[in-house]
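Asks: Attaching a predicted model along with its sequence, questions to come.
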Amino acid sequence: MKKHGSAAFLCVSILLLALSHPAAGRIPPADSTRAAANDHPALWVQAVRILESNKDLVPGKAAQKMQELEDNGRVKSQTDIDITLSLDGAGKIKSDIVRASKDGKDITAEERKKAEKREKKEAAKEAAKKDAAKKDAKEDSKSDSGERSHSFSLDDSPLNPERQNDVRVTEAKSGEMIDGARCACFDFSCPEKSGTRSKGKPATIVGKAWIDESSGRPVKLEYTSDPLPKHVKSMTTTLRYGMDGTGPWVLKQMVFDVRAAFLVINKKIHGDIAFSDYWKYVEPSPQK
């Protein structure tokens, strides 16, 4: 069962690694985005536009807390990691572990070594992908001159402007007060980009979104996957949005709870990541 408990920690590590090594992706022209969302409620479309306007913002800091819980909810073990994201000398985004601890014991050096190994593996994979994709890239450049950009929101988010053709949205009959704002509530579903579950069954993200009725700002998203991964009994992810200081409206917190079971062993994992100090990423000019 230890393997399954580690999987939850790995999910967060992958998330932060993705933030530090974003893959470029084409963003459809504004008219295309609007056309894709013609059937969506006006508030939903506004929330998509707000996040799209901030797509090049990067969190400068990420504070990660991971807890393994007892059946009664008491904390069995806790790991805290503080990470910063900044530009390296080549203009690429890098992540640095500032400090890390487990149950009060400093493990900063250990976690930095693990991070270095992960980055080397990812760099090797990226190099292999680039070599394999050169031919496709050349063909792509001949047929498509669309804008290229970096997106730092979660790819699977139903508010990702690139995914609007895949998202199904239904507004609930009544709204709720969330974080002091009167919010309209929406049920949504969309295919999970990460692929399929066992036996080739496609995975779908199913959840709810709360959007400020007066401003159109997304306030909270809560969702799960259907079907769940093998051995996972329950899994909920919550995203909370807010203002970064007095600046833009961005993702401020990601919380997830996972319960996994294998034979007679159960694992409960609670994760909490807080994002702050956002800064604007500008893609380096291509070298000639």
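Replies: In hand now; what should we look at?
Asks: Could you look up the SS state of residue 247?
Replies: Three-state assignment for residue 247 (DSSP: H, G, I helix; E, B strand; the rest coil): coil.
Asks: State the separation between stretch 241-249 and the centre of the chain it belongs to.
Replies: Averaging C-alpha positions (C-alpha atoms, centre = their mean, to the nearest Å) puts stretch 241-249 17 Å from its chain's average.
Asks: What is the end-to-end distance of it?
Replies: 7 Å (C-alpha to C-alpha, to the nearest Å).
Asks: list the buried ones in that stretch?
Replies: Of all the residues in stretch 241-249, those buried under the rule 16 or more other C-beta atoms under 10 Å are 241, 244, 249. C-beta coordinates here come from the backbone N, C-alpha and C atoms, glycine included.
Asks: tell me which of those residues is nearest to residue 88?
Replies: Comparing those against residue 88 with C-beta to C-beta picks out residue 244 as the nearest, at 22.7 Å.
Asks: contacting residues around the closest one?
Replies: Taking C-beta atoms under 8 Å, 6 or more residues apart in numbering, we find residue 244 in contact with 57, 250, 252, 276-278.
Asks: Check residue 64 too.
Replies: 12, 16, 79-83, 271-273.
Asks: Point out the ones among those residues that are inside strands.
Replies: Members of the contacts of residue 64 lying in strands (criterion: DSSP state E): 79-83, 271-273.
Asks: And the furthest pair within those?
Replies: 82 and 271 (14.6 Å).
Asks: Just want to know which of the two has more residues nearby.
Replies: Remark: of residue 82 and residue 271, residue 271 carries more neighbours, 20 against 17, as counted by other C-beta atoms under 10 Å.
Asks: What distance do you get for the more buried one to residue 99?
Replies: Distance of residue 271 to residue 99, given as C-beta to C-beta, to the nearest Å: 18 Å.
Asks: Pretty sure residue 188 sits against residue 168.
Replies: Yes: at 6.5 Å, residue 188 and residue 168 qualify as touching, with contact defined as C-beta atoms under 8 Å.
Asks: neighbour count winner among those two?
Replies: Comparing residue 188 with residue 168 by other C-beta under 10 Å, the one with more neighbours is residue 188, at 19 against 13.
Asks: Find the residue closest to that one in space, skipping its chain neighbours.
Replies: Spatially, and ignoring its direct neighbours in sequence, residue 188 is nearest to residue 158 (4.6 Å; C-beta to C-beta, 6 or more residues apart in numbering).
Asks: By average pLDDT, which secondary structure element in the chain comes out worst?
Replies: The weakest-scoring helix or strand in the chain, judged by mean pLDDT, DSSP states H and E, is strand 148-149 (a mean of 32).
Asks: So for whichever helix or strand comes after that strand, what gets flagged as buried?
Replies: For strand 148-149, the succeeding helix or strand toward the C-terminus, using DSSP states H and E, is strand 168-171. Neighbour-count burial for strand 168-171, counted by 16+ other C-beta under 10 Å, picks out 169, 171.
Asks: ok, back up a step: using TSV, lay out the contacts of residue 244 together with neighbour count.
Replies: As requested, the contacts of residue 244 are exported to TSV (neighbours: other C-beta atoms under 10 Å):
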residue	neighbour count
57	22
250	20
252	17
276	14
277	14
278	22
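Asks: and the residues you listed, which of them are in helices?
Replies: Among these, DSSP state H puts none in helices.
Asks: Dump these into JSON lines; add pLDDT and distance to residue 112 as well.
Replies: Below are the contacts of residue 244 laid out as JSON lines (pLDDT from 0 to 100; distance: C-beta to C-beta, whole Å):
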{"residue": "57", "pLDDT": "93", "distance to residue 112": "26"}
{"residue": "250", "pLDDT": "94", "distance to residue 112": "27"}
{"residue": "252", "pLDDT": "95", "distance to residue 112": "26"}
{"residue": "276", "pLDDT": "95", "distance to residue 112": "21"}
{"residue": "277", "pLDDT": "95", "distance to residue 112": "21"}
{"residue": "278", "pLDDT": "95", "distance to residue 112": "24"}
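Asks: Now render those residues as TSV, adding distance to residue 207.
Replies: Output for those, formatted as TSV (distance: C-beta to C-beta, whole Å):
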residue	distance to residue 207
57	23
250	20
252	18
276	24
277	28
278	24
